[in-house]
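Undergrad: have a look; sequence and predicted model below, questions after that.
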Amino acid sequence: ATTDLNTLLEPLMEARDKRRDAVQLEEALAARPARVEDALEALRRGRLPADFVARDASGRAVTALLAAARAGRADIVEALVALGARPDGPPLPVVADRRPSSPDRRLERQRSGGSGSGKEVSDAPPPPSEDGVPTVEETPLLGATRADRHDAAAALLRAGADPTLGDARGAKETPLLCCARRGSAEIARALLRALAGRAAAAADDARRLKLLCHVDRRFGLHPETALEAAAVAGHAAVVVALCAGAECKGENGQVHVCRADATLRNPSGRTAMHLACDRGRATVVAPLAAAGADPDALDPDGLAPLSM
């Protein structure tokens, strides 16, 4: 479906002005257009809120903010947020997390000494809401990242979008992992700055640790860290960005740094350099070594990266 994003601003202004008309708004919501074009027409009449959920031509749920993010329209992203659209979009459905607790939480155990625990991840599709509204399966930030739209992603982060939220099918992909796989170094740097900033502002140590560890957590259908994904794909610029990281000073003057650990091993006992060399990604060896990866480190089979 074609979405005329240029016509969204004026109708949404009208929608905001008329939101006091409860009867008119309820009538519009009861109609629940099934396509984006119908939803936009309702917006043009000034009868729908900025977070209205409709379906695109493929049948997937979408909001105006998600459509604007995918199209890279930072100006419309900012306008929609100003009109009341939530930066993270409608709440994603609660899903179970079945990622293996041991390898996935190894880093947090190393840093905090705790055992870590989590929910189990389910592959079941997102359930519809109780009132039948279509379920949006990705945040606007993830949509912008998947489309490699840096300006839109930056606008969402400035508006307070959560950089740790994955898709609605059980955290199979997060914005940072998406950047690593696609080679989006600029968005990766913006995400790291956002993570460091949130860590600096965190109210407790547990939350701060979780944010700083996010860069080294494993996500995806075949769980991997962002650094491992970038190394396997041979995206040297992303490897440099992840290893350089970002920092932010908290109110107490403490500097909080969010960067990838180049020495971390995966559940199979291999580092990101092992994975890169195994796939012939020579361009990422130097930046990994500069970040502290040991070219002589042996994997469980007794192999060093450069001998693979």
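TA: That came in fine, so what should we check first?

Undergrad: where do the strands sit along the stretch 51-200 of the chain?
TA: In the stretch 51-200 of the chain, the segments counted as strands under DSSP state E, counting those that start in this stretch are 54-55, 61-62.

Undergrad: which of those strands sits most buried?
TA: Across the strands of the stretch 51-200 of the chain, averaging neighbours per residue (mean count of other Cβ atoms under 10 Å) puts strand 61-62 on top, at a mean of 24. C-beta here means a position set from N, CA and C on the backbone, and glycine is covered the same way.

Undergrad: can you list the strands that it pairs with?
TA: Using DSSP bridges, strand 61-62 pairs in its sheet with strand 54-55 (antiparallel).

Undergrad: show me what contacts Leu227?
TA: Contact analysis of Leu227 by Cβ atoms under 8 Å, 6 or more residues apart in numbering lists Ala180, Val215, Asp216, Val239, Leu242, Cys243, Ala260, Asp261, Ala262, Leu264, Ala272.

Undergrad: quick check, it in a strand?
TA: No. Judged by DSSP: H, G, I helix; E, B strand; the rest coil, Leu227 forms no part of a strand; its state is helix.

Undergrad: how about it: what's its closest non-neighbour residue?
TA: Closest residue in space to Leu227, ignoring its immediate chain neighbours: Ala260 at 4.0 Å, by Cβ to Cβ, 6 or more residues apart in numbering.

Undergrad: what is the neighbour count of the one you found?
TA: Other residues near Ala260 number 28, with proximity taken as other Cβ atoms under 10 Å.

Undergrad: ok, it touching Thr225?
TA: Yes. Taking Cβ atoms under 8 Å as the definition, Ala260 is a contact partner of Thr225 at 6.9 Å.

Undergrad: what residues are shared contacts of these two?
TA: Shared contacts of Ala260 and Thr225, defined by Cβ under 8 Å, 6+ apart, comprise Val215, Asp216.

Undergrad: before we move on, back to that, now mean pLDDT too, for the strands of the stretch 51-200 of the chain, in JSON lines please.
TA: Formatted as JSON lines, the strands of the stretch 51-200 of the chain follow (pLDDT from 0 to 100):
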{"stretch": "strand 54-55", "mean pLDDT": "69"}
{"stretch": "strand 61-62", "mean pLDDT": "78"}
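
Undergrad: tell me which of these sits nearest to Asp148.
TA: Proximity to Asp148 (Cβ to Cβ) singles out strand 61-62 among the strands of the stretch 51-200 of the chain, at 18.4 Å.

Undergrad: and stretch 209-223, how far apart are its ends?
TA: Length of stretch 209-223, first residue to last, Cα to Cα, to the nearest Å: 20 Å.

Undergrad: so after the helix of greatest length in the chain, what's the next helix or strand?
TA: Determined from DSSP state H, the single longest helix within the chain is helix 185-201. Remark: after helix 185-201, the chain's next helix or strand is helix 205-213, criterion DSSP states H and E.

Undergrad: residues of that following helix that come out buried?
TA: By neighbour count with 16 or more other Cβ atoms under 10 Å, helix 205-213 contains the buried residues Arg208, Leu209, Lys210, Leu211, Leu212, Cys213.

Undergrad: can you give me the helices in the stretch 201-308 of the chain?
TA: Ranges of helices in the stretch 201-308 of the chain, per DSSP state H, counting those that start in this stretch, are 205-213, 226-233, 236-244, 272-278, 285-290.

Undergrad: what's the most buried one of the ones you listed?
TA: Among the helices of the stretch 201-308 of the chain, the stretch with the highest mean neighbour count (mean count of other Cβ under 10 Å) is helix 226-233, at a mean of 27.

Undergrad: so it versus helix 185-201, what angle?
TA: 170 degrees (axes from the mean of the first three to the mean of the last three Cα atoms, to 10 degrees).

Undergrad: only C-alpha atoms, please: export helix 226-233 in PDB.
TA: Once non-C-alpha atoms are left out, helix 226-233 reads as follows in PDB (Å, rounded to 0.1, in the frame of the first residue of the first chain):
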ATOM      1  CA  ALA A 226      26.300  -7.400  17.800                       C
ATOM      2  CA  LEU A 227      30.100  -7.700  17.600                       C
ATOM      3  CA  GLU A 228      30.000 -11.300  16.600                       C
ATOM      4  CA  ALA A 229      27.400 -10.500  13.900                       C
ATOM      5  CA  ALA A 230      29.500  -7.600  12.500                       C
ATOM      6  CA  ALA A 231      32.600  -9.700  12.500                       C
ATOM      7  CA  VAL A 232      30.900 -12.600  10.700                       C
ATOM      8  CA  ALA A 233      29.500 -10.200   8.100                       C
END
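
Undergrad: report the angle between that helix and helix 236-244.
TA: Using the same axes, to 10 degrees: helix 226-233 against helix 236-244 is 160 degrees.

Undergrad: what sits against Ala190?
TA: Taking Cβ under 8 Å, 6+ apart as the test, what Ala190 contacts is His150, Ala153, Ala154, Leu157.
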